[in-house]
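my questions concern the predicted model and sequence given below.
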Amino acid sequence: MSVRHSILALLDQAPNYGYQLKAEFERRTGGSWPVNVGQVYATLDRLERDGLVEQTETDADGHVFYAITDSGRAEARTWLTTAVPRATTTRDELAIKLALAVTLPGIDAEAIIHAQRSATLATLQTLTRSKIAGGDPDTIDEFSWQLVVDALIFQAEAEVRWLDHSEARIARLRERGLNATPPTGAHGAPTDPPRRGRPLSTTTVVSGAANSVNAAEHPDSPSTGGAR
């Protein structure tokens, strides 16, 4: 999330001061990403240092107004028109946790999946109820908030599908008589020599993340029937 670029995009509309920029950002995103006013002012200081904004005036209440410069306007437009990059590797805590769990002795990976699925489904239900209870979707403020909620719903649905997919792959692994956890010798060290490339168990779990991303990009609806 780029607070820096969001502030530039707002200042491209009109000069403003820190607290009002915070309020405008939260209003336009439905309060889905609260920001600290101190963070806003710190960001304004860096933007001014980089020549992207400049101070213009101070009102009777002591509010210092900032205006965007030509360089700042160009950076804001570039941000708005450039695709957000998506990594081909993952630092997602859940994916890493599950990838490690299937390689560790005495750890029930399926129990981890069950616990996470319950938590994610609860989140999905909360998001769906929040969307249903929302205001008039034809107003721009409500519409912008629903866009963010829809994104969270799609992400939760994709995570549930990935968990189902991973659980099924772990079950098939066991049916074939393969042990995802490497045998250990003294002091818990693996007895098998290291293999080149990625371990089968890690590939089994992490490759499901790519499938979940593809599923998230082509869903039929922003909420699942089971979650309502």
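In hand now; what should we look at?

output the longest helix belonging to the chain.
Taking DSSP state H as the criterion, the chain has its longest helix at helix 140-175.

how about it: buried residues?
Within helix 140-175, the residues scored as buried using 16 or more other Cβ atoms under 10 Å are 145-146, 149-150, 152-163, 165-167, 169-170, 173. Placement of C-beta: from N, CA and C, glycine included.

over to stretch 31-48?
Buried, per 16+ other Cβ under 10 Å, within stretch 31-48: 35, 40, 41, 43, 44, 47.

from those, which is closest to residue 109?
residue 35 (37.2 Å; Cβ to Cβ).

check contacts around the closest one.
Residues near residue 35 by Cβ atoms under 8 Å, 6 or more residues apart in numbering: 3, 22, 25, 26.

SS state for residue 65?
strand (DSSP: H, G, I helix; E, B strand; the rest coil).

which parts of this protein are helices?
With DSSP H as the criterion, the chain has helices spanning 3-11, 18-28, 37-49, 70-81, 93-101, 109-132, 140-175, 200-217.

include mean pLDDT and distance to residue 55 when you put those helices into JSON lines, please.
JSON lines is the format used below for these (pLDDT from 0 to 100; distance: least, Cβ to Cβ, whole Å):
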{"stretch": "helix 3-11", "mean pLDDT": "95", "distance to residue 55": "12"}
{"stretch": "helix 18-28", "mean pLDDT": "91", "distance to residue 55": "11"}
{"stretch": "helix 37-49", "mean pLDDT": "96", "distance to residue 55": "7"}
{"stretch": "helix 70-81", "mean pLDDT": "95", "distance to residue 55": "13"}
{"stretch": "helix 93-101", "mean pLDDT": "93", "distance to residue 55": "41"}
{"stretch": "helix 109-132", "mean pLDDT": "94", "distance to residue 55": "39"}
{"stretch": "helix 140-175", "mean pLDDT": "91", "distance to residue 55": "29"}
{"stretch": "helix 200-217", "mean pLDDT": "44", "distance to residue 55": "42"}
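
which of the contacts of residue 35 has the most neighbours?
When neighbours are counted by other Cβ atoms under 10 Å, residue 22 leads the contacts of residue 35 with 22 neighbours.

give me the neighbour count for residue 120.
Residues near residue 120, counting by other Cβ under 10 Å, number 20.
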